[in-house]
Structure formats: structure tokens, C-alpha cells
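In: A structural model of the following input is requested.
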Amino acid sequence: MLEGCKNARERWSGVHEMIDKWLQERQELIVCYTELAHLVKTDTAPGTEQVQALCDVMVDYTSAGHFEIFEQLCREAEAFSDQDAIELSQKIFPLIQKSTDVILDFNEAYGASTVADEALAKLPDELSRLGEFLADRFQHEDTLIETLHTAHRELVDS
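Out: Below you'll find the model as predicted:
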């Protein structure tokens, strides 16, 4: 997408816009998660649609992170020859991958149009576990954004 950019400022701006859109998707994910968690906490049985909505948003967000955002952030760090940022990303990506595995497992268990009763009985615990992994993931993603993208803003502006 950003390969045809003429200069660093244009490319940086494009990555910045991608990140902004992605973070808006994160907000949608948080809203879906919070609504579902609230239902579970109040012992209200969530509808299949609500669980599927969370799974859909979560998988879309995760895919965009892995196949668009992280790739662009790494390219940016490489373009600025930021070896420290590249090394940090190599440490953080495996941590993010752990949450990806949890997200995919949750989606496999709850993303179908019909969910087994046994799985529904485990939903409160699985949702809590998912929330912990999402919180860690968001923190790691923010670190990547700060280190691989925002840190280069002054270089682009000069």
C-alpha cells in the first residue's frame, strides 16, 4: 500500500493514518468485549450474536495488526536504520503471538453460529482470560507504535 510513496514524510503519514484506523478498530473491540463481559458478570446469558460480534471484530483487528500494521512498523524502523527498535520488535512479537493464539482459540470455541453448552459454561472464565491477554497485547502494541513509529516523527519533520 505505501510502497509508492515518494518521500519519508508521505510514507510516515500513510503509516500514521493506518495506525489511527487500527486503533479505532481496537476501540470497537474494547466496546464489544466490555459489553459482553458486563452481560456475563450480571449473569445475563449473552446472545450468540454478541459473542460472534466480539469474535469478528477481534479476528479482524488481530489480522490487521499482523498483516498490515506490524509489517509497516518494521519497514519504518528498517528505513530509519533503527536497530534498537528492530531488536525490541523481535522481543515483543513473540509476546503478541501468545495473545494471538488465545484469540484464535477463543474464536474457534465461540465464533461459530452454535456454541456447545460446555463452552458456554466456561465463557466467564474464558472471557476473563481473554481480557488479560488483550490488555497485555494492547500494551505491547503501544510499545511497538511508540518505538517503531512515533519515535521517528522528528526525523521525518526535519
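In: where do the helices sit along this structure?
Out: Ranges of helices within the chain are 8-41, 48-64, 70-79, 83-110, 117-148, 153-157, based on DSSP state H.
In: format these as JSON lines; extra columns: mean neighbour count and mean pLDDT.
Out: C-betas here are computed from N, CA, C, even on glycine. Converted to JSON lines, the helices of the chain look like this (neighbours: other Cβ atoms under 10 Å; pLDDT from 0 to 100):
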{"stretch": "helix 8-41", "mean neighbour count": "16", "mean pLDDT": "85"}
{"stretch": "helix 48-64", "mean neighbour count": "18", "mean pLDDT": "94"}
{"stretch": "helix 70-79", "mean neighbour count": "18", "mean pLDDT": "86"}
{"stretch": "helix 83-110", "mean neighbour count": "16", "mean pLDDT": "94"}
{"stretch": "helix 117-148", "mean neighbour count": "16", "mean pLDDT": "91"}
{"stretch": "helix 153-157", "mean neighbour count": "11", "mean pLDDT": "57"}
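In: now the residue most central in space within the chain: how far from residue 100?
Out: Closest residue to the average C-alpha location of the chain: residue 62 at 4.5 Å, with Cα atoms, centre = their mean. Distance from residue 62 to residue 100, counting by Cβ to Cβ, to the nearest Å: 6 Å.
In: same question for residue 124.
Out: Remark: distance between residue 124 and residue 100 (Cβ to Cβ) = 22 Å.
In: residues contacting stretch 132-148, please?
Out: 19, 26, 29, 33, 65, 69-70, 73-74, 76-77, 82, 84-85, 88-89, 92, 95-96, 98-100, 102-103 (Cβ atoms under 8 Å, 6 or more residues apart in numbering).
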